[in-house]
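A.B. asks: I need the structure of the sequence given here:
(chains A and B)
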Amino acid sequence: MTDIESLRSKAKILVVDDSDFARKTIATQLENSGYNVVGEAANSRQAFEVTSTQKPHIALIDIVMPDVNGIELAKSLIDNYDGVIIVMMSSLAQEHVVIEAISSGASDFLQKPISKESLESTLDRIIKSLNLEEKS
Amino acid sequence: MKESNQNRSLFYKSKSFPHNLSIDAQTRLGFIELNDVNPLSLWPQRPSQYTCLFSLLGDLNGLAITQVDIDGHFMADIMRRDFFIDTFIESSNVLLGHILTNLDNRFSTVSMLSSPVLLTFENESTQRSYKRKKNISSLINGDDSRIVSGCYKFKLSDVKMSLDLNFSLIFQDKKLPKLDA
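C.D. replies: Numbering: from 1, shown residues only, chains lettered A, B, ... in the order given. This is a model prediction of the structure:
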């Protein structure tokens, strides 16, 4: 197992999207590439449930969701779970949307549809910064 | 000379509609040239039709409607049908997101998109409620509205997708960009 494969298997990832299609597509894609998806959530309530039990290192969050939007959810997760890293996703990628996402505390922003390459390069960069080897 | 709404619509369409969009490597939306679609015709008229409504918030205040007609496909296979409809909803979301991003970047507008609401032929009460709430007729016929429509085809199958955007506020004459911009 290479270094990056080892890191991918250690970093715990949560995928939050109200679209079953988008959520399962992303989760499956991540699992096929060796990432450790610890949970999926279709809304903010499920996202908090998974976060409280699984303590993910990274949360991939869609911005447009029906109850609490992704921006508000990101702020709440950051406030309540120290160290969780947020990657926001949206089909909208205007300057004001990206700025709002980053201002909420997200470390990265990905426009849908998300290519495998951009998803993996973003996650690998974050995972390398987590110092998971030292913690394990 | 005052530019016609039809010319404006064609201009916005040419500047904002993506021609090819791969959706999470699952399907591909390809733009096809068809005559403009009346938004009211996108309301579900039969059980095989599914309509998705999005509210546009901000400068591009209005309503976006997309519809797919599965036309006999998957009718007996509920799981495949549900997966297809879910793909359609997410594809609509991605498509609209790209259109709004292109428009905002082009015209310095600020807009957002609501979560989608799925309408089916069976949920007539929801349809009626949305028709009232959104006041579709006045949006379509209103003097300040701009209808842009287009059609997309799923490469995955022969099911078509059509889309209407209804711009109601921002493109009033004083803010309207010249068509040759």
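
A.B. asks: could you give the bridge partners of A:D62?
C.D. replies: A:M89 (DSSP bridges).

A.B. asks: secondary structure class for the residue positioned nearest the centre of chain A?
C.D. replies: Using CA atoms, centre = their mean, the residue of chain A that lies closest to the mean C-alpha position is A:L60, 1.8 Å off. Look at A:L60: counting by DSSP: H, G, I helix; E, B strand; the rest coil, its state is strand.

A.B. asks: ok, now A:K128?
C.D. replies: Following three-state DSSP, we place A:K128 in the helix state.

A.B. asks: so what's it closest to, chain neighbours aside?
C.D. replies: Nearest non-adjacent residue to A:K128, counting by CB to CB, 6 or more residues apart in numbering or on different chains: A:L7, 6.6 Å away. Just so you know, the C-beta spots here come from the backbone N, C-alpha and C atoms, and that holds for glycine as well.

A.B. asks: next, work out how far apart the one you found and B:P18 are.
C.D. replies: Between A:L7 and B:P18 the computed distance is 35 Å (CB to CB, to the nearest Å).

A.B. asks: for these two, indicate the residue with more neighbours.
C.D. replies: A:L7 (22 against 16; other CB atoms under 10 Å in any protein chain shown).

A.B. asks: and the helix or strand hosting A:E49, what's buried?
C.D. replies: Taking DSSP states H and E as the definition, A:E49 sits inside helix A:44-54. Buried residues in helix A:44-54, counted by 16 or more other CB atoms under 10 Å in any protein chain shown: A:44, A:47-48, A:50-51.

A.B. asks: wait, does that helix contact chain B?
C.D. replies: No: contact of helix A:44-54 with chain B (CB under 8 Å from any CB of the partner chain) is absent, the minimum separation being 12.8 Å.

A.B. asks: contacts for that helix?
C.D. replies: The contact list for helix A:44-54 (CB atoms under 8 Å, 6 or more residues apart in numbering or on different chains) reads A:12, A:14, A:16, A:38-41, A:56, A:59, A:61, A:65, A:67-68, A:72-73, A:76-77, A:80-81, A:84.

A.B. asks: circling back: give the contact list for the residue nearest to A:K128.
C.D. replies: Contacts of A:L7 by CB under 8 Å, 6+ apart are A:124, A:127-128, A:130, A:132-133.

A.B. asks: report the separation between it and A:I13.
C.D. replies: Distance of A:L7 to A:I13, given as CB to CB: 12 Å.

A.B. asks: per-residue pLDDT, the residue nearest to the centre of chain A?
C.D. replies: What the model reports for A:L60 is a pLDDT of 98.

A.B. asks: which residues are in contact with it?
C.D. replies: A:13-17, A:26, A:87, A:89.

A.B. asks: could I get the residues you listed as CSV with pLDDT?
C.D. replies: Listed next are the contacts of A:L60 as CSV, based on pLDDT from 0 to 100:
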residue, pLDDT
A:I13, 98
A:L14, 98
A:V15, 98
A:V16, 98
A:D17, 96
A:I26, 95
A:V87, 98
A:M89, 97
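
A.B. asks: of those - the most surrounded one?
C.D. replies: Neighbour counts for the contacts of A:L60 peak at A:V15, which has 30 neighbours (criterion: other CB under 10 Å).

A.B. asks: A:G70 versus the residue of chain A found nearest chain B, what's the distance?
C.D. replies: Relative to chain B, the nearest point of chain A is A:S91 (2.3 Å; CB to the nearest CB). Going from A:S91 to A:G70 by CB to CB gives 12 Å.

A.B. asks: mutual contacts of these two, please.
C.D. replies: Counting by CB under 8 Å, 6+ apart, the residues touching both A:S91 and A:G70 are A:V64.

A.B. asks: what mean pLDDT does the helix holding A:E49 get?
C.D. replies: Summarised as a single mean, pLDDT over helix A:44-54 is 97.

A.B. asks: quick revisit: buried among the contacts of A:L7? Make that a ChimeraX selection.
C.D. replies: In ChimeraX, this line selects whichever of the contacts of A:L7 come out buried by 16+ other CB under 10 Å:
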select /A:124,127,130,132
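
A.B. asks: pipe the contacts of A:L7 into JSON lines and attach pLDDT per row.
C.D. replies: Listed next are those as JSON lines, based on pLDDT from 0 to 100:
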{"residue": "A:D124", "pLDDT": "97"}
{"residue": "A:I127", "pLDDT": "96"}
{"residue": "A:K128", "pLDDT": "94"}
{"residue": "A:L130", "pLDDT": "91"}
{"residue": "A:L132", "pLDDT": "76"}
{"residue": "A:E133", "pLDDT": "62"}
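
A.B. asks: state the number of residues packed around the closest residue to chain A within chain B.
C.D. replies: Closest to chain A within chain B is B:G97: 2.3 Å, counting by CB to the nearest CB. Other residues near B:G97 come to 23 when the count uses other CB under 10 Å.

A.B. asks: so it belongs to a strand, correct?
C.D. replies: No: counting by three-state DSSP, B:G97 falls outside a strand, being helix.
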